[in-house]
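Sharing a sequence plus its predicted fold:
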Amino acid sequence: MASLATPTLKNPSSPSLSSKPRLPSALSSLHFPPSHHHRRRFLIITASASSNKPTVLVAEKLGEAGLLLLKQFADVDCSYNLSPEELCTKISLCDALIVRSGTKVNREVFESSGGRLKVVGRAGVGIDNVDLSAATEHGCLVVNAPTANTVAAAEHGIALLAAMARNVAQADASIKSGKWQRNKYVGVSLVGKTLAVLGFGKVGSEVARRAKGLGMHVIAHDPYAPADRARAIGVELVSFDEAIATADFISLHMPLTPATNKMLNDETFAKMKKGVRIVNVARGGVIDEEALVRALDDGIVAQAALDVFSEEPPKPDSKLVQHERVTVTPHLGASTVEAQEGVAIEIAEAVVGALKGELAATAVNAPMVPAEVLTELKPFVELAEKLGRLAVQLVAGGSGVKNVKVSYATARAPDDFDTRLLRAMITKGIIEPISSVFVNLVNADFTAKQRGLRITEERVLLDGSPESPLESIQVQIANVESKFASAMSETGEIRVEGRVKDGIPHLTKVGSFEVDVSLEGSIILCRQVDQPGMIGTVGSILGEENVNVSFMSVGRVAPRKHAVMAIGVDDQPSKESLKRIGEVPAIEEFVFLKL
Ligand SMILES: NC(=O)C1=CN([C@@H]2O[C@H](COP(=O)(O)OP(=O)(O)OC[C@H]3O[C@@H](n4cnc5c(N)ncnc54)[C@H](O)[C@@H]3O)[C@@H](O)[C@H]2O)C=CC1
Ligand SMILES: O=C(O)C(=O)COP(=O)(O)O
């Protein structure tokens, strides 16, 4: 398979980068993975670097191996314990930011970056400390490191479970204070007890597996977990109410989201078995902490073991932390030597890859398109953007662009044809020429929505071999006037259509006129009375000015009637030449379009 172009940073002076081929400029914000990464999923962004190398701000402690990787590619600024104000000040000088759970990457951070911040890397799983909406709105990719700390978190969950059941922390504190309290710290056994795992994802299922090894009966609740994965490790998936009502122990492993916020509260504690014991290595916010104190005091909850808190660090006088039946650790779930090295490498690779414009296998705020699909779609991606650019330039000043209809003619079955990337590129093509907004795959849908641009998509199903993903793309803009009347279709929309020929995008239809011009350089469209000599007349006007004509084609409705001539030019003709073209008697209207 042919290797895809690997893009470089926008700053061409970087010696380590400039040897790589660049993508066509129209794709400068959406990039493709090199072929050796084909099995990975990706997403892409370029960085704008003010020096030779991009700058990565590492705002929390990261494993050495990850730092080494980053330093090979970027200027790395390790500044820990920044205040929110300091972070906002520094961020405008950074292309990427790497954090763990201790840094709030909120809207102000994105606003303060002035558009330079292209990637936020979360060196861990939970991204509840990153404002994903703000990231998306600013076209900033967020990546995480979702796998390297799974085992560490699961082991910590099991450590807390056992330590809680046997009062290890309390007994340790007691003996260190000079006491010997063997009767006070009689524990409970784990074997034969029911453990409810809430959130049966990566960590939850590893906890379940280990708890089974301890002889526990394990049930799980997770609205999205596949039943066969649970069955494979001998775990029954049950409803939330059944899980909390039957469990002797509850272990929490769901992310903190608006739906899971304070999932354990007065109402749910009331449904639990009296004497239940709770472990939380997920996020503090999934428990209403005040309700937990009440449940502990009321004897509903016998014990709790908590690694995470709604506010970190918690207040020193927190009733929950100080409660004698509560065991606490300072968010240590991911903190093993092994996990931290793994996470650091995972996030460094993701951030460097994204900055290079290669891949991010772990994008959290953008659709991920499998690399194989991207390989196929590459020429269509370029076509999509250029059709968007052409269509919007045909709109007469003063008409607001609101409704865009895109038709994909394809022989592929709908579930075998992903249009998100093409839609993003059409959006980019339409919005960028008429605004200062930078559009990429991360923020395309958001930007369209924000501007009131409604893009509807339809597939025209073709018979035949689905070898090529697409036959043609048609972009129509409705309810607008055109500055080139011939671009209007019979039904009153601006219409352009294109297809890929020998790997090169071509414009094949304007309004109801068939044309054929490769979408490179720029284009002049002229409507004329079809007559001999027109190509020569226009060609010589351009030739006098040394404007190289790359392509010309004439599409007519009938011989000697109206025709649309499409002329591909490498350079922008002067105003004077355009005026002279307009003055050619047979030319009824013309438009110059920049690609
Ligand atoms: N204490 C620590 O240092 C660490 C904490 N974590 C936290 O553990 C949590 C889980 O991490 P992973 O297993 O890697 O994530 P994951 O994404 O693999 O699993 C989360 C699971 O929660 C499920 N879920 C979502 N909403 C739910 C709901 N309302 N009820 C029940 N289940 C629900 C999802 O379907 C998914 O299966 C995250 O919050 C993460 O931040 C992860 C690593 C270390
Ligand atoms: O990965 C996670 O979700 C964690 O909670 C780990 O957090 P940390 O990177 O140790 O601050």
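Now that the structure is in, tell me what you want to look at. Ligands and ions are numbered 1, 2, ... in the order given.

Sketch out the low-pLDDT regions of the protein for me.
For the chain, the stretches with pLDDT under 70 are 1-51, 358-360, 367-371, 398, 465-466, 556-560.

Alongside ligand 1, which residues does it contribute?
Proximity of the chain to ligand 1, by C-beta under 6 Å from any ligand atom, involves residues 125-126, 146, 149-150, 153, 198-204, 221-225, 253-256, 259-260, 281-283, 307-308, 331, 333-334. Glycine gets a C-beta too; all of them are placed from N, C-alpha and C.

give me that answer again for 5 Å
Residues of the chain found near ligand 1 (C-beta under 5 Å from any ligand atom) are 125-126, 149, 153, 199, 201-203, 222, 224, 253-255, 260, 281-283, 307, 333-334.

Just the buried subset of the residues you listed, please.
Neighbour-count burial (16 or more other C-beta atoms under 10 Å) applied to the residues of the chain next to ligand 1 gives 125-126, 149, 153, 199, 201-203, 222, 253-255, 260, 281-283, 307, 333-334.

Tell me how many other residues surround Arg325.
Arg325 has 16 neighbours, counted by other C-beta atoms under 10 Å.

Quick check: the gap between it and ligand 2.
24 Å (C-beta to the nearest ligand atom, to the nearest Å).

Apart from its chain neighbours, what residue comes closest to that residue?
Of all residues not flanking Arg325 in the chain, Gln303 sits nearest, at 4.8 Å (C-beta to C-beta, 6 or more residues apart in numbering).

Point me to the residue of the chain nearest ligand 1.
Gly201 (1.8 Å; C-beta to the nearest ligand atom).

Assign the residue of the stretch 201-350 of the chain found nearest ligand 2 to helix, strand or coil.
Ligand 2 sits closest to Ala334 of the stretch 201-350 of the chain, with a gap of 3.6 Å, by C-beta to the nearest ligand atom. Three-state call for Ala334 (DSSP: H, G, I helix; E, B strand; the rest coil): coil.

In this model Val151 seems to touch it, though I could be wrong.
No - applying C-beta atoms under 8 Å, one finds Ala334 not in contact with Val151, separated by 9.9 Å.

Okay, helices next: where are they in the stretch 101-250 of the chain?
Shown for the stretch 101-250 of the chain, the helices assigned by DSSP state H, counting those that start in this stretch span residues 107-112, 132-137, 150-165, 168-176, 202-213, 227-232, 240-246.

Off-centre distance for the last one?
I take that to be helix 240-246. Averaging C-alpha positions (C-alpha atoms, centre = their mean, to the nearest Å) puts helix 240-246 35 Å from its chain's average.

Would you list the phi and psi of the residue of the stretch 101-250 of the chain found nearest ligand 2?
Closest residue of the stretch 101-250 of the chain to ligand 2, C-beta to the nearest ligand atom: Gly124 (2.6 Å). Main-chain dihedrals, Gly124, degrees, to the nearest 10: phi 160, psi -160.

wait, it sits on Gly102?
No - the pair Gly124 / Gly102 is not scored as a contact, 10.3 Å apart, by C-beta under 8 Å.

Looking at these two, which one has more neighbours?
Between Gly124 and Gly102, counting by other C-beta under 10 Å, Gly124 is the more crowded of the two (24 against 14).

Let me see the contact set for Gly397.
Gly397 makes contact with Lys483 under the criterion C-beta atoms under 8 Å, 6 or more residues apart in numbering.

if we can go back for a sec, CSV for the helices of the stretch 101-250 of the chain, including distance to Leu62?
Formatted as CSV, those follow (distance: least, C-beta to C-beta, whole Å):
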stretch, distance to Leu62
helix 107-112, 18
helix 132-137, 20
helix 150-165, 15
helix 168-176, 29
helix 202-213, 21
helix 227-232, 31
helix 240-246, 36
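
will you turn those into CSV that also has distance to ligand 2?
Converted to CSV, these look like this (distance: least, C-beta to the nearest ligand atom, whole Å):
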stretch, distance to ligand 2
helix 107-112, 17
helix 132-137, 14
helix 150-165, 7
helix 168-176, 20
helix 202-213, 9
helix 227-232, 21
helix 240-246, 22
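
Of all those helices, which one comes closest to Ser468?
Using C-beta to C-beta as the measure, helix 132-137 is the one of those that comes nearest Ser468, at 31.7 Å.

Return the list of helices and strands in contact with the closest one.
helix 107-112, strand 141-144, helix 444-450 (3 or more C-beta pairs under 8 Å, 6 or more residues apart in numbering; DSSP states H and E).

Return the most buried member of these.
Counting by mean count of other C-beta atoms under 10 Å, strand 141-144 has the highest mean neighbour count of these, with a mean of 26.

Just the buried residues of stretch 113-131, please?
113, 116-131.

residue contacts, the spatially closest residue to Asn144 that is not a sequence neighbour?
Excluding the flanking residues, the one nearest Asn144 by C-beta to C-beta, 6+ apart is Arg122, at 4.2 Å. Counting by C-beta under 8 Å, 6+ apart, Arg122 makes contact with 98-100, 129-130, 142-145, 347, 364.

just those residues that are near ligand 2?
Checking the contacts of Arg122 against ligand 2 (C-beta under 5 Å from any ligand atom), the matches are Arg100.

if I pick the residue nearest to Arg325, what's in contact with it?
Counting by C-beta under 8 Å, 6+ apart, Gln303 touches 164-165, 277-278, 296, 325-327.
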